[in-house]
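Colleague: Whatever this is, show me its structure:
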Amino acid sequence: MANKTIKKDMEAAHIKNKGSVPTSTVGVSMSKSATAPMDVSNSFSGPIVSDAFDTSNTGQTGYLRGFNGKYVSSENGGQPMTCNRTTPLDWEKFMVVHNVENVYRFMGSNNQFVTRGDNDRLFCNTTQSSTYIDFWITNNSDGTISLQGSNEKYVSVLADGTMACNASNITGQECFTWVTEQEMQVIRNSSGQVSTSAPATSTTPGATSTGSSPVQAAPTAATGITQQSMTGTGGKYWWLWYLLAAVAIILYLKFRK
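Modeller: Down below sits the predicted model:
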């Protein structure tokens, strides 16, 4: 009965707030246990990066890694969101916005919120404040998190790599690891990856065969490692050292006489 009341209140709040500008809170009170039942038989068992997700994550930018080891992408709002990126770039970056109690919103690098759309598929393409962009966070026992929408369903990674908010229970497909930008930098440094604000070569949204984001304009410059092109021991100006050495020898021989 409590869950039905919560759902009714949230959907009513959605109708009331439809078309309004984003606000920090929505006029709806939710009260239920922060721990949902979990099917541990198929739970994610990958590396745990982040601590428990709570209000201390508010304002953070980071990445969501799925049970398949891939990262969630906003697809720049042009199509349903996916969880199929091997190398996270700007389209895979999200900012945490706290709404109320244990309810959070996720804003993509396109300054749009993640929302439930047609057939409960996830999109990152709205600035409208409604319960459709609200997600209740469950901290799972293995260090992952699960996102529950106002329809009382969990966000899940589907077989084709797209995402929907339609799962009744938490299994592996509904488990995600929140990786902050600082943690991602450590991962990149340890693996020798180069972090840049320029994505891969694809210009077509959804062209994900390489696991990289299509070309896009980032709202902010990404921080990371700059890769330098080196030729020989002294870099691309190695010949200058030989020239200076030759001049020094000539001057030495001239003044010696």
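Colleague: same for the helix or strand harbouring residue 165, what does it pack against?
Modeller: Assigned by DSSP states H and E, residue 165 belongs to strand 163-167. With contacts taken as 3 or more Cβ pairs under 8 Å, 6 or more residues apart in numbering; DSSP states H and E, strand 163-167 sits against strand 122-126, strand 154-157. C-beta: built from backbone N, CA, C; applies to glycine.
Colleague: Output these as TSV; include the columns mean pLDDT, distance to residue 85 and mean neighbour count.
Modeller: Compiled in TSV, the helices and strands packed on strand 163-167 are given as follows (pLDDT from 0 to 100; distance: least, Cβ to Cβ, whole Å; neighbours: other Cβ atoms under 10 Å):
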stretch	mean pLDDT	distance to residue 85	mean neighbour count
strand 122-126	97	13	23
strand 154-157	98	12	26
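Colleague: Please dump those strands into CSV; it should also carry distance to residue 80 for every row.
Modeller: Shown next, in CSV, are the helices and strands packed on strand 163-167 (distance: least, Cβ to Cβ, whole Å):
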stretch, distance to residue 80
strand 122-126, 6
strand 154-157, 12
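Colleague: returning to that earlier point: following the strand holding residue 165, which helix or strand shows up next?
Modeller: Following strand 163-167 in sequence order, the next helix or strand is strand 177-180 (DSSP H and E).
Colleague: Note down every partner strand of that next one and its orientation.
Modeller: strand 61-65 (antiparallel) (DSSP bridges).
Colleague: buried residues in the strand it pairs with?
Modeller: In terms of neighbour count (16 or more other Cβ atoms under 10 Å), strand 61-65 has its buried residues at 61, 62, 63, 64, 65.
Colleague: likewise stretch 144-157?
Modeller: 144, 145, 146, 147, 148, 149, 150, 153, 154, 155, 156, 157.
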